[in-house]
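*Asks:* sequence and predicted structure below; questions after.
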Amino acid sequence: MKKQKELIDCHAECDYLDFKEENYHKDNKTELVKDLIALANSHSTRNKYIIIGIKEENNICEEILEIDNEYARDEAKFQQIIKTYIKEDLMVEYKIINIEGKDLLIIKIPATNNSNRPFMVKTQIKYLKENEIYIRKGSSTALVNKRDLEYMFKEKINANGGIIYIGKDDKGKVVGINNAVKLVKEIPNKIKDTMGIIPEVKVEEENDLLYLVIKVDSYPMPISCQGKFYLRSGSNNHEVTGSELDKFMLDRVGKRWEDLPVKNATLEDLSEEAFKVFKEKAVKSGRLKVEDVEIDNETLLKNLGLYDGNYLNKAAILLFGKDPNKWIVGSYIKIGFFEENDADLRYQDEIQGALILQIDKSIDLIYLKYLKALIHYEGVQRIEEYMFPRERI
């Protein structure tokens, strides 16, 4: 329940979160099916949620309401709707939880569903046509485009393993191999020694020609070959390095960069001023209540999901760190003034410290040093009018 409360308080609607004020009516399966398909197909690598009983404004929670249990389906009927109208095996969790004394309906789509995408309409239901595929992008839902499908299928190939045929040409025609019996014994051992996995290898025959079938299952962790990682893209393989490798490793273990722990960082490395500003802004915006922030800093960080086990994560260091650049290189804002072209830098500034403080400091500096104001007087009072309102910056 703590996770759902954090989603409601600290997250806006996006490709993994959808707020609904009212429950789906028993007689209206169409919107439910469409929303489930769209959310399940989103490119987010984390668990996805529909939270019912939330009044939202500008995509954030404005008020926790309560679901009307008269229109709530029991889980068996809910799962039957999924089985009847959604193609591919979509695993969904459906439960009612109580937050602040009010019942909310939580529909959770685990991230493990990603390898089964794309999900589509199985049987036409009102305006939803058979085989239509919807996707959630940000806080909106749309039909998928070619790029969306290419991304899904590329990920599906990488996540689900695959089959290698030895003794077939590129068109799938069996041409045969002479040493099939020998290879069927040698290949499993070779793969085990170099990659630590055991594939299924067998000999098949067609038109008196022998060929090998090597079936590689999906693995939850990335598999390397002699210390290098490779991805299959279409009909080609390419080595994964640098930032692509970092993202690949994180995706496979279900984590994001900002969730990674920062060893040796402690609460003493965090800024009290940053906590004070965060609490003030969170209460003022309505994202948190006064009682939610009247707690010690360690508890607040845990409630915000900024711990990984016993370690602060990178998000905590970025948001509240006294000197985040010590732990995460490049975590500062740089402002420059250019004249004629991009090479004509006249002066610049770097704003260091906690990210939540960097933002206000940067805006102040832009107005004090980088923007010119039109000046006029009302009596003896000097009035400065800037070309861009502060809210726009």
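*Replies:* It's in.

*Asks:* what helices or strands is the biggest helix by length in the chain leaning on?
*Replies:* Using DSSP state H, we find that the single longest helix of the chain is helix 180-195. When contacts are defined as 3 or more CB pairs under 8 Å, 6 or more residues apart in numbering; DSSP states H and E, helix 180-195 packs onto strand 200-206, strand 209-216. Where you see a C-beta, it was placed from the backbone N, CA and C, and this is true even at glycine.

*Asks:* closest to Asp27 out of these?
*Replies:* Of all the helices and strands packed on helix 180-195, strand 209-216 sits nearest to Asp27, with 45.6 Å by CB to CB.

*Asks:* got TSV for the helices and strands packed on helix 180-195, with distance to Ser140, mean pLDDT and mean neighbour count too?
*Replies:* Conversion of these to TSV gives the following (distance: least, CB to CB, whole Å; pLDDT from 0 to 100; neighbours: other CB atoms under 10 Å):
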stretch	distance to Ser140	mean pLDDT	mean neighbour count
strand 200-206	43	88	13
strand 209-216	37	86	17
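
*Asks:* distance to Ile317 added to those, as JSON lines?
*Replies:* As requested, the helices and strands packed on helix 180-195 are exported to JSON lines (distance: least, CB to CB, whole Å):
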{"stretch": "strand 200-206", "distance to Ile317": "45"}
{"stretch": "strand 209-216", "distance to Ile317": "38"}
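
*Asks:* which one of those strands lies closest to Ala180?
*Replies:* strand 209-216 (4.0 Å).

*Asks:* who are the packing partners of that closest one?
*Replies:* strand 162-166, helix 180-195, strand 200-206.

*Asks:* now the angle between strand 209-216 and the first one, please.
*Replies:* So the one you mean is strand 162-166. 160 degrees (axes from the mean of the first three to the mean of the last three CA atoms, to 10 degrees).

*Asks:* list the contacts of strand 162-166.
*Replies:* By CB atoms under 8 Å, 6 or more residues apart in numbering, the residues outside strand 162-166 that reach it are Gly172, Ile177, Leu183, Tyr211, Leu212, Val213, Ile214, Lys215, Val216, Arg232.

*Asks:* any stretches of the chain with poor pLDDT?
*Replies:* 1-3, 69-73, 150-151, 153-161, 218-222, 231-238, 242-244, 247-254, 393 (pLDDT under 70).

*Asks:* report the central residue of it.
*Replies:* Geometric centre of the chain, nearest residue: Ser44, 3.7 Å, by CA atoms, centre = their mean.

*Asks:* any idea what Ile383 is bridged to?
*Replies:* For Ile383, the beta-bridge partners are His376 (DSSP bridges).

*Asks:* quick check, it in contact with His376.
*Replies:* Yes: if you go by CB atoms under 8 Å, Ile383 and His376 touch, sitting 5.4 Å apart.

*Asks:* for the helix or strand hosting Glu280, list the C-alpha coordinates in PDB.
*Replies:* Per DSSP states H and E, Glu280 falls inside helix 272-285. The C-alpha trace of helix 272-285 is given here as PDB (Å, rounded to 0.1, in the frame of the first residue of the first chain):
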ATOM      1  CA  GLU A 272      18.900  20.600   5.200                       C
ATOM      2  CA  GLU A 273      18.000  23.600   3.100                       C
ATOM      3  CA  ALA A 274      17.000  21.300   0.300                       C
ATOM      4  CA  PHE A 275      14.700  19.300   2.500                       C
ATOM      5  CA  LYS A 276      13.100  22.500   3.900                       C
ATOM      6  CA  VAL A 277      12.500  23.800   0.300                       C
ATOM      7  CA  PHE A 278      11.100  20.500  -0.900                       C
ATOM      8  CA  LYS A 279       8.700  20.300   2.000                       C
ATOM      9  CA  GLU A 280       7.400  23.800   1.500                       C
ATOM     10  CA  LYS A 281       7.000  23.300  -2.300                       C
ATOM     11  CA  ALA A 282       5.300  19.800  -1.800                       C
ATOM     12  CA  VAL A 283       2.700  21.200   0.600                       C
ATOM     13  CA  LYS A 284       2.100  24.400  -1.400                       C
ATOM     14  CA  SER A 285       1.500  22.400  -4.600                       C
END
